[in-house]
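Asks: take this sequence and fold it.
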Amino acid sequence: MEFNGMNTVVVGAARSGIASARLLRSKGAGVTLTDRNREEAIPADLSGLKETGVNIQAGGHIEQVFLAADLIVISPGVSMDIAPLKSARKKGIDIISEIELASYFIKAPIIGITGTNGKSTTTTLVGKILQADGKDIFVGGNLGTPLSEAVLSGERYDLVVCEISSFQLEGIKSFKPHIAAILNITPDHLDRYSTMDDYIEVKWRICENQGHQDFAVLNLDDPLISGKEGLTRSRTVHFSRKKRVEYGIFTEDGVIKSSMGVYRDIIKTDDLLIKGVHNMENAMASAAISLSVGCRIESIEKSLKEFKGLEHRLEFVREIDGVRYINDSKGTNVGAVIKSLEGFESPIILIAGGRDKGGDFSPLKDLVTKKVKGLILIGEARGLLRSAFDGITDIAEAKDMSDAVRLARERGRMGDIVLLSPGCASFDMFRNYEERGRVFKEIVNGL
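Replies: I've put the predicted structure just below:
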């Protein structure tokens, strides 16, 4: 595609939108960056973009700006259903995501990692394994550094490792990762998708442009993934913590093993620093991806033994009077909370709530009954959660995070765990899940 002289519109002035605008300008395109917020409410400094000739249209989207475009690039947070995009689509204007745009200029093989939960951990871990194996890599995508930065950096990479959300996959056309990983699929973002089937279909789009020379790394234990290998033309690599797999990674007798080529032990599960069943799956997926690009077993074992996990994902904060405090603020959906609860044997005081994303909390009932001795509710979803778990466990409502931690401490006894795993978005009380997690840690560390 020839971008020089093209009239383009970038929708959304967050990180990926700014990176898209910079990339398009570097290729000679005319760029209008539009955002629904007023310019003074946009956190980023846009002065540098203005100096390069980017036109900033803040305070709302103007339909005529969209209709005059040759190409529109959308940020992940922007719904495809906003009125100006509907009008542009009706006119036949191409609408793509930032990862699609960046992929036009990336020559290195792309590793794309998606799933409802575990994307950030797996993407980061794959990056560490590849670095330990001596490869020059870029790590980014939905993780925080837009994929466009891999192009703008001017660096030559051996491999590009990219966390990919369902929102980013909505706007792909030819995007084709050499390795596409689907870690799991559980209900999420049902405030954006009409049905669960729509969400599943978008997740599987990561494989749609792959060929026989590519790899699809799939979770054999997930019923929404297993048995659907016909949706991709690529070579399948399975991972499973429940059964031996024909080609891939599995867990047996407390050891993560490989059946990729020859049977080999990789690491004892007790040697993993990251704990919990979901982290075991993340470790297996990372091993499957890394072996698919020729990494040595030694590099995988070393990295798995050293990796301490990510902030806000089952992060140990502090132990007070024999009670451990765990920050799992990144657990923003029901599936994430399930995985977190499964990983603990001690009695749990769970802090949950926030802004509901249209999820169904009923799959949590058995685990809450068995493992949660007390439930502290925060945010807009307090009433919804109380209705879902009333009569199952002791429930209290908190007015804010400080109050929630106070109530949890009053209920905690030696050997208990206080777990922040909200199962909801953070935007009713915080800017994002990171701020929610940091506030929780600050309160706990101040006790």
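
Asks: who touches stretch 119-130?
Replies: Contacting residues not belonging to stretch 119-130 are listed as 111, 113, 115, 137, 139, 141-143, 158-159, 161-165, 181, 183, 274, 279, 282-283, 285-287, 289-290, 293, 295, 299-300, 303-304, 306-307, 309-310, 313, 330 [CB atoms under 8 Å, 6 or more residues apart in numbering]. All C-beta atoms are positioned from the backbone trio N, CA, C, and that covers glycine.

Asks: typo on my end, it should be stretch 98-110
Replies: Contacts for stretch 98-110 (CB under 8 Å, 6+ apart): 1, 16-17, 19-20, 23-24, 27, 73-76, 138, 141, 146-148, 150-151, 156-160, 162, 164, 168, 171-179, 293.

Asks: again, but for stretch 273-286
Replies: With CB under 8 Å, 6+ apart, stretch 273-286 has contacts from 113, 117-118, 121-122, 125-126, 129, 181, 183-184, 217, 219, 221, 239-241, 249-251, 256, 267, 269, 272, 300, 304-309, 314, 336, 339-340, 342-344.

Asks: can you say which of these are buried?
Replies: 113, 117-118, 121-122, 125-126, 129, 181, 183-184, 217, 219, 221, 239-241, 249-251, 256, 267, 269, 272, 300, 304, 307, 309, 314, 336, 339-340, 343-344 (16 or more other CB atoms under 10 Å).

Asks: among those residues, which ones are in helices?
Replies: Per DSSP state H, helices hold the following members of the buried ones among the contacts of stretch 273-286: 121-122, 125-126, 129, 300, 304, 336, 339-340.

Asks: list just the nearest of those to Ser87.
Replies: Nearest to Ser87 among these: Ala336, at 36.4 Å, using CB to CB.

Asks: the closest one contacts Asn184, doesn't it?
Replies: No. Look at Ala336 against Asn184 with CB atoms under 8 Å: they stay out of range, at 9.7 Å.

Asks: shared neighbours of the two, which are they?
Replies: Counting by CB under 8 Å, 6+ apart, the residues touching both Ala336 and Asn184 are 116-117.

Asks: how about the helices in the stretch 1-150 of the chain?
Replies: 15-26, 47-51, 63-67, 83-91, 98-103, 119-132, 148-152 (DSSP state H, counting those that start in this stretch).

Asks: for these, give me JSON lines that also has distance to Gly415.
Replies: As requested, those are exported to JSON lines (distance: least, CB to CB, whole Å):
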{"stretch": "helix 15-26", "distance to Gly415": "42"}
{"stretch": "helix 47-51", "distance to Gly415": "53"}
{"stretch": "helix 63-67", "distance to Gly415": "58"}
{"stretch": "helix 83-91", "distance to Gly415": "53"}
{"stretch": "helix 98-103", "distance to Gly415": "45"}
{"stretch": "helix 119-132", "distance to Gly415": "27"}
{"stretch": "helix 148-152", "distance to Gly415": "46"}
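
Asks: and among those helices, the most buried is which?
Replies: helix 98-103 (a mean of 26; mean count of other CB atoms under 10 Å).

Asks: how does the protein divide into domains?
Replies: The chain breaks down into these domains under automatic domain parsing: 7-97, 106-306, 315-445.

Asks: list the buried ones in stretch 148-164?
Replies: Using 16+ other CB under 10 Å as the test for burial, stretch 148-164 gives 148-151, 157, 159-164.

Asks: same check on stretch 169-189?
Replies: Quick answer for stretch 169-189 (16+ other CB under 10 Å): 169-172, 175-189.

Asks: returning to that earlier point: name the weakest-confidence residue in the ones in helices among the buried ones among the contacts of stretch 273-286, if you would.
Replies: Minimum pLDDT across those is recorded for Lys339, with 85.
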